[in-house]
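*Asks:* Have a look at this fold, sequence not included:
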């Protein structure tokens, strides 16, 4: 077992460094570093343009009723997590470790590496978009990826889960802060334990647009107050890749 | 003068038929008829992909402070106008005639042909978007185009100008209704008589993406209530072309 642990550790380091590298690609959402040109950016991949399983997509209404879910999924509350403004999104992670959420798909065990936000939503449902989309990015020790997507729409109600995040938004690029407590456990309850999720094979929605990502886009839309939405949007701006063609 | 009038009438008929034809292009905002493929659609134009002056754009903050305005602009109240759901947007026009708004740029006289909506906004300002954008499309008798763009953001306040429009939204494609009165005159006052508008040479933001369009994007953002925004967005869905590269 010892050799396996060492191998796993090496793999984890490799995956972590790859994820840090991903952050370093100089991409944006308009102009010559915008989504049309992601394939050509240094450190990116031509799959951004040539890929057949790219994300996000416009999910047909009839498809999102064909629900599916992972074999197993858990979310536990998180303490002392880092919130970063990386210039592309607001991202929450545990600096030295994974976050306390897991997923099992077949024999593969996934841990939550980070979660981050997009305004407006990247996925559409039958041509309709939502004000915000959050992506919970899970990965196996081998670097396989699976993402849970949740929509938020402006409502009269404040979103309690988002409170510690919105209250600690790092306003400038490369700024980061520590959040003492995030009630991550409430996420699963909010989306009916993923009983209404649409799954499809896709990609990262940011360079290098890596494919092989198992997506779970939840139909249940969460509320966010107007104040919360504007605070988040003002910091991130427009960070939504246009919908990609469905090839299957 | 008579021969000029006849020529002008023929030109107007040509322009009108071209505009109707524009509506007939089978385009959308996702999938194989989405913005990436507009150049290849029947009735469209390769300029959608190859053009050097395409719209919308991400306006740099420093540019939107360099204000400019037409030599002359008037908006008068409109009666008995048609509101159409053309499957791409909600559009207001006067079925047999122009709308009562005019613009003068140099020696060219423009009349308001129609106005329509996009959710979310098509133009960005320094990477930031807005919840809604309206386009007032003006044209000369020769078919030259100029568009006034105005942003709307969800607020606690209802937008009175939009009330008769939102109250008469045609819910299905090809549905239309008659609106008795629209206080078009309030538009100019709302945007400080265009004293804070950014101008640039661009294109139609929909196929056939024709260039030579003089744009006036207003910095002053108008309020729209959450209810009004959701009613409009629910009918149109996502109808925003991604930002195009600035080549000048």
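*Replies:* Great, that's in hand. Worth saying up front: this structure is predicted, and the values here are computed from it rather than measured.
*Asks:* contacts, neighbours, all on C-alpha from now
*Replies:* OK.
*Asks:* Stretch A:41-55 and chain B, any residue contact?
*Replies:* No - Stretch A:41-55 lies apart from chain B when judged by CA under 8 Å from any CA of the partner chain; the minimum separation is 10.9 Å.
*Asks:* measure that stretch end to end?
*Replies:* Using CA to CA, to the nearest Å, one end of stretch A:41-55 lies 18 Å from the other.
*Asks:* List the contacts of that stretch.
*Replies:* For stretch A:41-55, contacts defined as CA atoms under 8 Å, 6 or more residues apart in numbering or on different chains pick out A:21-22, A:25-27, A:33, A:36, A:38-40, A:123, A:201-205, A:207-212, A:243-247.
*Asks:* list the buried ones in it?
*Replies:* A:41, A:44, A:45, A:46, A:47, A:48, A:49, A:51, A:52, A:53, A:54, A:55 (16 or more other CA atoms under 10 Å in any protein chain shown).
*Asks:* Out of those residues, which comes closest to residue B:236?
*Replies:* residue A:55 (22.3 Å; CA to CA).
*Asks:* Quick check: pLDDT value at the closest one.
*Replies:* Listed pLDDT for residue A:55 reads 98.
*Asks:* May I have the secondary structure class of it?
*Replies:* coil (DSSP: H, G, I helix; E, B strand; the rest coil).
*Asks:* Go ahead and measure how far stretch A:55-72 is from the middle of the chain.
*Replies:* Remark: stretch A:55-72 is offset 16 Å from the chain centroid, using CA atoms, centre = their mean, to the nearest Å.
*Asks:* What distance do you get for residue A:145 to chain B?
*Replies:* Counting by CA to the nearest CA, to the nearest Å, the separation of residue A:145 from chain B is 24 Å.
*Asks:* Quick check: closest non-adjacent residue to that residue.
*Replies:* residue A:139 (4.5 Å; CA to CA, 6 or more residues apart in numbering or on different chains).
*Asks:* I'd guessed that neighbour sits against residue A:112; true?
*Replies:* Yes - assessed by CA atoms under 8 Å, residue A:139 is found in contact with residue A:112 at 6.5 Å.
*Asks:* Pull the residues that contact stretch A:125-137.
*Replies:* With CA under 8 Å, 6+ apart, stretch A:125-137 has contacts from A:58-61, A:64, A:112-124, A:145-154, A:229, B:29-30, B:233-234, B:236-238.
*Asks:* Same check on stretch A:169-177?
*Replies:* With contacts defined as CA under 8 Å, 6+ apart, stretch A:169-177 is touched by A:82, A:83, A:84, A:85, A:86, A:87, A:90, A:168, A:232, A:235.
*Asks:* Take those and keep only those in strands.
*Replies:* Using DSSP state E, the subset of the contacts of stretch A:169-177 located in strands is A:82, A:83, A:84, A:85, A:90.
*Asks:* quick one on the thing from earlier: buried ones among the contacts of stretch A:169-177?
*Replies:* Here, 16+ other CA under 10 Å leaves A:82, A:83, A:84, A:85, A:86, A:87, A:90, A:232, A:235 buried among the contacts of stretch A:169-177.
*Asks:* Can you tell me the closest non-neighbouring residue to the third one?
*Replies:* When you say that, I think you mean residue A:84. That would be residue A:176: by CA to CA, 6+ apart, it lies 4.3 Å from residue A:84.
*Asks:* Kindly report the same for the second one.
*Replies:* Nearest residue to residue A:83, sequence neighbours excluded (CA to CA, 6+ apart): residue A:92, at 4.5 Å.
*Asks:* check contacts around the one you found.
*Replies:* Contacts of residue A:92 by CA under 8 Å, 6+ apart are A:81, A:82, A:83, A:84, A:114, A:115, A:116.
*Asks:* Using a markdown table, lay out these together with pLDDT and distance to residue B:107.
*Replies:* Below are the contacts of residue A:92 laid out as a markdown table (pLDDT from 0 to 100; distance: CA to CA, whole Å):
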| residue | pLDDT | distance to residue B:107 |
| --- | --- | --- |
| A:81 | 97 | 62 |
| A:82 | 97 | 59 |
| A:83 | 97 | 56 |
| A:84 | 97 | 53 |
| A:114 | 97 | 58 |
| A:115 | 98 | 56 |
| A:116 | 98 | 52 |
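*Asks:* Quickly name whichever of the residues you listed is closest to chain B.
*Replies:* residue A:116 (17.7 Å; CA to the nearest CA).
*Asks:* Please identify the pairing partners of whichever helix or strand the closest one is part of and their relative orientation?
*Replies:* For residue A:116, the element it lies in under DSSP states H and E is strand A:108-118. Partners of strand A:108-118 in the sheet, by DSSP bridges, are strand A:90-93 (antiparallel), strand A:99-105 (antiparallel), strand A:132-139 (antiparallel).
*Asks:* Could you dump the ones you listed into CSV with mean pLDDT added?
*Replies:* Compiled in CSV, the strands paired with strand A:108-118 are given as follows (pLDDT from 0 to 100):
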stretch, mean pLDDT
strand A:90-93, 98
strand A:99-105, 97
strand A:132-139, 98
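*Asks:* now these in a markdown table, with distance to residue B:181?
*Replies:* Listed next are these as a markdown table, based on distance: least, CA to CA, whole Å:
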| stretch | distance to residue B:181 |
| --- | --- |
| strand A:90-93 | 45 |
| strand A:99-105 | 56 |
| strand A:132-139 | 35 |
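*Asks:* before we move on, what SS does residue A:229 have?
*Replies:* Residue A:229 ends up helix, using three-state DSSP.
*Asks:* List the beta-bridge partners for the nearest residue to it once chain neighbours are set aside.
*Replies:* Of all residues not flanking residue A:229 in the chain, residue A:154 sits nearest, at 6.8 Å (CA to CA, 6+ apart). Judged by DSSP bridges, the bridge partners of residue A:154 are residue A:224.
*Asks:* what about the strands in chain A?
*Replies:* Using DSSP E, strands in chain A cover A:58-59, A:72-75, A:78-85, A:90-93, A:99-105, A:108-118, A:124-125, A:132-139, A:145-155, A:176-182, A:197-203, A:211-218, A:222-225.
*Asks:* Report the buried residues of stretch A:99-116.
*Replies:* Result for stretch A:99-116 [16+ other CA under 10 Å]: buried residues A:99-104, A:109-116.
*Asks:* Tell me which residue is most central in chain A.
*Replies:* For chain A, residue A:135 is the residue whose C-alpha lies nearest the centre (CA atoms, centre = their mean; 2.3 Å).
*Asks:* do you know how far that residue is from chain B?
*Replies:* 20 Å.
*Asks:* List the beta-bridge partners for that residue.
*Replies:* According to DSSP bridges, beta-bridge pairing links residue A:135 with residue A:116, residue A:149.
*Asks:* Can you get me a residue count around the residue nearest to residue A:84?
*Replies:* Counted with other CA atoms under 10 Å in any protein chain shown, the neighbours of residue A:176 add up to 19.
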